[in-house]
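Novice: only geometry, no sequence info:
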């Protein structure tokens, strides 16, 4: 069935970008003129939250419109099941041309062990492999090894099986920084670049001045950096789309900003770290600090080095400023690419018929409470991300919107704009009425996370659940008597944990009840019953 109106979709995704790392939100130090212009011509949200602040998990929610507890991607390392229905498949079934350029990360990039082992009772006979999980496997393992860095780098894999979660055209980037692989490697070869070009920290043109982890100037020119590849492939897709009569959905996904912090060329020293501000909470001690934060502070004071490259850590003021400066360089390079992309959209006559979305996968503490990277501590810098929707209906583009919304809402919203009904079991709300001011926003929103490693002194499978309701952020840690309660309007930097405050007892009880209700409302509604039973 064809859609009634030809509405195209261009969804631009960055990887690890805080909600305040854009100029339009009031940041006067970062340069994002093209993103700012997009926000000023569309709807930008100041209260948009991820479903989970980790890559694979939140991307799986974006694709399915379902919470992590339902789609099964609890943490990185668990591929999205090929039996899961994605909204891109529904668009494709309706006649859309579907494309993905850049990072996908719906399957594992790394063959690294998961971070914990399965608990077994040695005296008991284990089940056979095909009956070892709660759900029988629908696909062979090879169907879940398509984004393996090892396979792409060795040349064992040269393409993906298509359609790939609904995408027909794919230009894939796997990894981060200057050492990525995927189709990008062939692009380098086609342009005369050695596939095995000397990349990585050992070939860096410059190192961190402060000793900040994962900071170096990559030995690769700007025009060959992954951001440029994604830009060029997106421009080529739009050229083809401009000559086609079919509507399109294009996901343009940058692996930056992300650690390692390696902006190339002139973006490397674009920002003077000494002139940049640190987050307010860097200098202020939180009252009633939660144990994971105390543990990381103690490790920093005792000069314990971080373990895995994804482990959260604390950094000095100089190191934090330098990391922020390099992150800003990565973001500005993306902003320049977005300027080229939006111009091409206009030049090909596609602008009036194309919804443009800008969002990020999740945030980064980036100095909040002294922290760098990400983890289960759900500070706003991590769970609140930039979100812009520029609609084809100019009257629906009203600028700033402070409504509570999140990744969980996007699949349904895109389908509604395309004139398509969502599949049974899809969650989230349709945001379109918010743009025209014809409906109230949601009252509350869930954020789910399951830990994978023991970096924070907790077990690897701890469930952390956050409720955003009005000005409140309530976070419950599985099997812990301590928790978090912040009044974000009066305490925007989340310094005053009210969990044990006697005067907040009734408020906490009410929010805990809301949390239970919200979890109940997000139970699965699929499959639809075959009969009354």
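Specialist: Here it is on my side, so go on. This structure is a prediction, so every number in the text was calculated from the model and none was measured.

Novice: which residue packs closest to residue 384, ignoring adjacent ones?
Specialist: Take residue 384 and drop its neighbours on the chain: the residue closest to it by CB to CB, 6 or more residues apart in numbering is residue 19, 4.3 Å away. (C-beta placed from N, C-alpha, C; glycine too.)

Novice: give me every residue that touches the one you found.
Specialist: Applying CB atoms under 8 Å, 6 or more residues apart in numbering, we find residue 19 in contact with 25, 46, 48, 360, 363, 380, 381, 384, 385, 386.

Novice: cool, and residue 27?
Specialist: Residues touching residue 27, when contacts are defined by CB under 8 Å, 6+ apart, comprise 20, 21.

Novice: try 6 Å
Specialist: Contact criterion CB atoms under 6 Å, 6 or more residues apart in numbering gives residue 20 as the residues in contact with residue 27.

Novice: pLDDT value on it, please?
Specialist: The per-residue pLDDT reported for residue 27 equals 97.

Novice: re earlier: quick check, pLDDT for the residue nearest to residue 384.
Specialist: In this model, residue 19 is scored at 97, pLDDT.

Novice: next: residue 298.
Specialist: Turning to residue 298, the model gives it a pLDDT of 88.

Novice: SS state for it?
Specialist: Three-state assignment for residue 298 (DSSP: H, G, I helix; E, B strand; the rest coil): helix.

Novice: what stretches of this protein score poorly on pLDDT?
Specialist: 1-5, 119-121, 194-197, 285-287, 305-308 (pLDDT under 70).

Novice: show me what the lengthiest helix in it is packed up against.
Specialist: Of all the elements of type helix in the chain, the one with the most residues (DSSP state H) is helix 317-347. Using 3 or more CB pairs under 6 Å, 6 or more residues apart in numbering; DSSP states H and E, the elements in contact with helix 317-347 are helix 33-40, helix 226-242.

Novice: closest one to residue 457 among these?
Specialist: Shortest separation from residue 457 across the helices and strands packed on helix 317-347 is recorded for helix 226-242, at 35.0 Å, computed as CB to CB.

Novice: show me what counts as buried in that closest one.
Specialist: Neighbour-count burial for helix 226-242, counted by 16 or more other CB atoms under 10 Å, picks out 226-235, 237-238, 241.

Novice: what's the first helix or strand after it?
Specialist: Toward the C-terminus, helix 226-242 is succeeded by strand 248-253 as the next helix or strand (DSSP states H and E).

Novice: the residue nearest the centre of the chain - nearest residue in space that isn't next to it in sequence?
Specialist: Against the mean C-alpha coordinate of the chain, by CA atoms, centre = their mean, the closest residue is residue 361 at 1.2 Å. Closest residue in space to residue 361, ignoring its immediate chain neighbours: residue 15 at 5.0 Å, by CB to CB, 6+ apart.

Novice: run through who's touching the host helix or strand of the one you found.
Specialist: Element membership of residue 15 [criterion: DSSP H and E] is strand 8-16. By CB under 6 Å, 6+ apart, the list of residues contacting strand 8-16 from outside reads 247-255, 257-258, 353-361, 364.

Novice: ok, now stretch 310-319?
Specialist: Outside stretch 310-319, the residues that touch it by CB under 6 Å, 6+ apart are 210, 212, 296, 300, 306, 370, 371, 372, 373, 375, 455.

Novice: element containing the last one, please.
Specialist: Assigned by DSSP H and E, residue 455 belongs to no helix or strand.

Novice: can you pull the contacts of it?
Specialist: With contacts defined as CB under 6 Å, 6+ apart, residue 455 is in contact with residue 311.

Novice: now it: how far from residue 131?
Specialist: Taken as CB to CB, to the nearest Å, the spacing of residue 455 relative to residue 131 amounts to 33 Å.
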